[in-house]
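[1] build me a model:
(one chain, ligands or ions: 1)
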Amino acid sequence: MSDSTTLLILGASGDLTERLLLPGLGSLIAGGEQTDLDLLDGLTVIGSGRSEKSTEEWRGTVKTAFESTGAKGDLASRTIDAAEYVVADPTKQDDWRGLLQKVQGDLIVYFALPPSVVATVANVLADLDLPEHTELALEKPFGNDAEDAVHLNEQLAKVVSEQQIHRVDHFLGHRVVLATLALRFNNRLFEPVWNAESVERVEITYDEELGLEGRAGYYDTAGALRDMLQSHLLQVLSVVATEPPASIAEIDLRDATAAALRATALWSGDPVFPNTTAPSRRARYTAGEVAGRHFPDYASEEGVDADRGTETLAQIALEVRTARWAGVPFILRSGKAIGQPAASIVLTLRPVNHRPDGQTGDGQAERIVLGFKPPRVSLSLTAEGGSMPFELEPGTVDGDLPKSAVTEYGEVLRGVLGDDPTLSVRGDVAVQCWRIVQPVLDSWSKNEVPLEEYAAGTKGPASWT
Ligand code: NDP
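    Numbers count the residues shown, from 1 in each chain. Purely as a prediction, here's the structure:
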């Protein structure tokens, strides 16, 4: 590997680059360790796109993003000053000549592009003479279905080896996901109860107040199932459901989480939702207020084709067919325009085998809760009431998880820049994630599951609670 690296961002005029990627890079400068700073030393950030933009404008974009994260000092200034912008269409082989002339040392190509053009660009790259050490970073969604993902994997394999491909899922860089691994495998308190003997159900929820926010072009063809459950929440499930790996080295951890996903399928057991036997549910929001903001009906938002029937709230129940988890429903849910949204991993524990006679008062289900916003761990317990001996009351023990100045995208970029795919999605896993949700996509496309409605600002359809 060379001392210098070029990070070439394709689609650099887009939302992802400005809002998440560049600030992620900045956060590594602002809050990273010396090893991160070493990775960034000698990095040239080239932005590229078909839009006309000068290098000065691009440097301004990088600077603003860095400032938003508190990245300053010599390294930040040098990275900004070295940044360049090249007008090019990545789908055109001729345009790559100018792009590759700018590359110094190793090359990382970051596809911050709409999913529809990724395969075309991968084909172009396969015919180019790329630097000896080239890595590719790709965003989600990775393909449209399992077959498509297999095909895309084959195309990418013609460019570089699997170890040099980073299928990015920034939830794998989330503090709570990293904390789940840390808590489970390093504390006697958690791992011994982390199984079907003790756990009744697992809920992985990521609801948000945000609505469409002008992203109809992408979201209306994706919906909550593809946008959130098929990628992010299945990655979270893989970490929650994994067998303990021998080490957290890339091969051990990714083998273990991949095995968990291979064992995962749509729930086929007893009804798990209170009012329905369906292993999947979908709904979309109608007009309402969320945290003081008025949202129109999703169906009347600009750019939305109401007839597509895109869901803004999705819930599926899965089972993980292993000795550890058989019989435990894993419920994944994500919705937009939700009032007081929950974002958490919740393990509800089974009742104790025997409660001593003579105790009165209200206990509660024992739960291990890992919260996303803010990163937090809490234990809901049945505790001592306080007023009278042997009286019971619900109690909670909780605390914030350590904060990090490095954002989730910063974590992802740390792996990409450091040539470490531990927190990247492996090719076979990308295919598995589509395989798991395919029966739901099929039944929704046949309208077998009704598209329900909920007012923006509520928790979802009234019948779901
Ligand atoms: P955009 O739709 O903003 O597109 C990014 C850029 O791609 C555009 O600015 C455009 O630049 C270029 N582009 C668009 N169409 C074409 C085309 N036909 N051929 C070549 N270039 C094209 O996407 P985002 O930035 O929102 O997202 C990029 C990727 O990241 C997507 O895969 C998305 O799913 C993923 N992602 C996005 C998130 C977000 O919050 N935005 C979050 C997580 C993942 P130009 O016109 O200059 O060429």
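[2] worst-scoring helix or strand of this structure, pLDDT-wise?
    Lowest on mean pLDDT, DSSP states H and E among the helices and strands of the chain sits strand 360-361, with a mean of 75.
[3] just the residues contacting that one, thanks.
    Gly385, Phe390, Glu391, Leu392, Glu393 (CB atoms under 8 Å, 6 or more residues apart in numbering). In short, each C-beta sits where N, CA and C put it, glycine included.
[4] so how far is the following helix or strand past it off the chain centroid?
    Downstream of strand 360-361, the next assigned helix or strand under DSSP states H and E is strand 367-371. Offset of strand 367-371 from its chain centre (CA atoms, centre = their mean, to the nearest Å): 18 Å.
[5] now strand 367-371: mean pLDDT?
    Mean pLDDT, strand 367-371: 97.
[6] quick one: end-to-end distance for stretch 290-297.
    Start-to-end span of stretch 290-297 (CA to CA, to the nearest Å) is 13 Å.
[7] give me the residues contacting it.
    Residues outside stretch 290-297 that contact it (CB under 8 Å, 6+ apart) are Glu209, Gly211, Tyr285, Thr286, Ala287, Gly288, Glu289, Ala337, Ile338, Gly339, Ala456, Gly457.
[8] next up, the contacts around the third one.
    So that's Tyr285. Contacts for Tyr285 (CB under 8 Å, 6+ apart) come out as 211, 295, 297-298, 312-313, 335-337, 453-456.
[9] so what pairs up with it in the strands?
    Listed by DSSP bridges, the beta-bridge partners for Tyr285 are Tyr454.
[10] looking at the residue of the stretch 301-450 of the chain found nearest the ligand now. What's its pLDDT?
    Nearest residue of the stretch 301-450 of the chain to the ligand: Tyr409, at 9.0 Å (CB to the nearest ligand atom). At Tyr409, the pLDDT value in this model is 95.
[11] how about the nearest residue to it, chain neighbours excluded?
    Gly24 (2.9 Å; CB to CB, 6 or more residues apart in numbering).
[12] filter the contacts of Tyr285 down to the buried ones, ChimeraX style.
    Entered in ChimeraX, the line below selects the buried ones among the contacts of Tyr285, by 16 or more other CB atoms under 10 Å:
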select :211,295,297,298,312,313,335,336,337,453,454,455,456
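[13] in JSON lines: the contacts of Tyr285, plus secondary structure, pLDDT and distance to the ligand.
    Formatted as JSON lines, these follow (DSSP: H, G, I helix; E, B strand; the rest coil; pLDDT from 0 to 100; distance: CB to the nearest ligand atom, whole Å):
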{"residue": "Gly211", "secondary structure": "coil", "pLDDT": "95", "distance to the ligand": "14"}
{"residue": "Phe295", "secondary structure": "strand", "pLDDT": "96", "distance to the ligand": "18"}
{"residue": "Asp297", "secondary structure": "coil", "pLDDT": "96", "distance to the ligand": "23"}
{"residue": "Tyr298", "secondary structure": "helix", "pLDDT": "97", "distance to the ligand": "18"}
{"residue": "Thr312", "secondary structure": "coil", "pLDDT": "98", "distance to the ligand": "16"}
{"residue": "Leu313", "secondary structure": "strand", "pLDDT": "98", "distance to the ligand": "18"}
{"residue": "Gly335", "secondary structure": "strand", "pLDDT": "98", "distance to the ligand": "17"}
{"residue": "Lys336", "secondary structure": "coil", "pLDDT": "98", "distance to the ligand": "13"}
{"residue": "Ala337", "secondary structure": "coil", "pLDDT": "98", "distance to the ligand": "16"}
{"residue": "Glu453", "secondary structure": "strand", "pLDDT": "97", "distance to the ligand": "25"}
{"residue": "Tyr454", "secondary structure": "strand", "pLDDT": "98", "distance to the ligand": "23"}
{"residue": "Ala455", "secondary structure": "strand", "pLDDT": "98", "distance to the ligand": "25"}
{"residue": "Ala456", "secondary structure": "coil", "pLDDT": "98", "distance to the ligand": "20"}
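[14] the helices in the stretch 151-300 of the chain, which residues?
    Listed in chain order, the helices of the stretch 151-300 of the chain (DSSP state H, counting those that start in this stretch) span 175-186, 216-224, 234-241, 250-262.
[15] identify whichever of the ones you listed lies nearest to Gly60.
    helix 216-224 (25.5 Å; CB to CB).
[16] buried residues in that closest one?
    Result for helix 216-224 [16+ other CB under 10 Å]: buried residues Ala216, Tyr219, Asp220, Ala222, Gly223, Ala224.
[17] any chance you could list what contacts the strand or helix carrying Trp58?
    Per DSSP H and E, Trp58 falls inside helix 55-69. For helix 55-69, contacts defined as CB under 8 Å, 6+ apart pick out 12, 17-18, 22-23, 25-27, 29-31, 45, 47, 72, 76, 79-81, 83-85, 405, 407.
[18] residues contacting Ser334?
    Contact partners of Ser334, counting by CB under 8 Å, 6+ apart, are Thr205, Tyr206, Asp207, Glu208, Ala224, Asp227, Met228, Leu229, His232, Leu233, Leu313, Ala314.
[19] let's go with 7 Å and repeat that
    Ser334 sits next to Tyr206, Asp207, Ala224, Met228, Leu229, Leu233, Ala314 when contact means CB atoms under 7 Å, 6 or more residues apart in numbering.
[20] what's the most distant pair in those residues?
    Largest separation among the contacts of Ser334 by CB to CB: Asp207 and Leu229, giving 12.1 Å.
[21] neighbour-wise, which of the two wins?
    Applying other CB atoms under 10 Å to Asp207 and Leu229 shows that Leu229 carries more neighbours, namely 27 against 23.
[22] did I read that right, Gly399 in a strand?
    Yes - Gly399 sits within a strand when classified using DSSP: H, G, I helix; E, B strand; the rest coil.
[23] do you know how far the residue nearest to it when sequence neighbours are not counted is from Ser116?
    Leaving aside its chain neighbours, Gly399 sits nearest to Val377 (6.4 Å; criterion: CB to CB, 6+ apart). From Val377 across to Ser116, the span is 40 Å (CB to CB, to the nearest Å).
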